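Enquirer: sequence and predicted model, in that order:
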Amino acid sequence: EPEVTQTPSHQVTQMGQEVILRCVPISNHLYFYWYRQILGQKVEFLVSFYNNEISEKSEIFDDQFSVERPDGSNFTLKIRSTKLEDSAMYFCASSEGRQGAGSYEQYFGPGTRLTVT
Amino acid sequence: GDSVTQMEGPVTLSEEAFLTINCTYTATGYPSLFWYVQYPGEGLQLLLKATKADDKGSNKGFEATYRKETTSFHLEKGSVQVSDSAVYFCALRGSSASKIIFGSGTRLSIRP
């Protein structure tokens, strides 16, 4: 069964450093998402991406965050200058379509645990 | 804005016990409702879903019914197993949105 993959599974970085989290969505999917889960808190939406542009973003997704689909398979989340409060589990998801065009399921990857020290 | 509230955990039950995890939501329009499960060390997996009022989602012995009159989507299972130990998230997706809004999660532990 096709699945979303994410690398690395765990990333440790120092405050102020840039990190790139990588995701390989399911191959025929067109919509891509990033969510995060701070330890002990709820899973929060960050951004959705379609047709090489951001279609929706949350208040959390400020100027230090960016997303990119650099080639036909990868989808990346970049954090330019990490803060301690960016420590969280980051989940990538993908779907064939979006709500309104059918009840398309979002498939989630296993997550990348980011630890900022 | 849209939101999901689910019962606090952790919930600890004995094997073969009956499970209910309560979930209520606030949303405009007609959202789709979901239960996701996160097993230890793994990502989020869709457990079941319902897309309109009175729909019942079911999978692996779990059930939840979309109740618009009470804005609820409670998760139930008649006889839990040790392998059901996981964190369960209630979630919704608004009728005109693509993002999923999650509840805070309920950790379930099943004793043999």
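Expert: Right, received. Where do you want to start?

Enquirer: need the contact list for residue A:65.
Expert: Neighbour list for residue A:65: A:46, A:47, A:77, A:78, A:79, A:80 [criterion: CB atoms under 8 Å, 6 or more residues apart in numbering or on different chains]. C-beta: built from backbone N, CA, C; applies to glycine.

Enquirer: cool, and residue B:45?
Expert: For residue B:45, the contacting residues are A:108, B:36, B:37, B:38, B:39, by CB under 8 Å, 6+ apart.

Enquirer: okay, now residue B:78: neighbour count?
Expert: By other CB atoms under 10 Å in any protein chain shown, the residues close to residue B:78 number 11.

Enquirer: for residue B:22, see how far away the closest residue to residue B:50 other than its chain neighbours is.
Expert: Of all residues not flanking residue B:50 in the chain, residue B:66 sits nearest, at 3.9 Å (CB to CB, 6 or more residues apart in numbering or on different chains). Distance from residue B:66 to residue B:22, counting by CB to CB, to the nearest Å: 14 Å.

Enquirer: likewise for residue A:82?
Expert: Here the criterion is CB to CB. By it, residue A:82 lies 37 Å from residue B:22.

Enquirer: could you list every residue that touches the most centrally placed residue in chain A?
Expert: Nearest to the geometric centre of chain A sits residue A:34, at 2.7 Å (CA atoms, centre = their mean). Neighbouring residues of residue A:34 by CB under 8 Å, 6+ apart: A:21, A:23, A:46, A:47, A:67, A:77, A:90, A:91, A:92, A:93.

Enquirer: how about the strands in the chain?
Expert: All of this refers to chain A. A:5-7, A:10-13, A:19-24, A:31-37, A:43-50, A:53-57, A:65-68, A:75-79, A:88-95, A:107-108, A:112-116 (DSSP state E).

Enquirer: I was thinking of chain B, sorry if that wasn't clear
Expert: With DSSP E as the criterion, chain B has strands spanning B:3-6, B:11-14, B:19-21, B:23-26, B:32-38, B:44-50, B:56-59, B:62-65, B:75-77, B:86-93, B:100-102, B:106-111.
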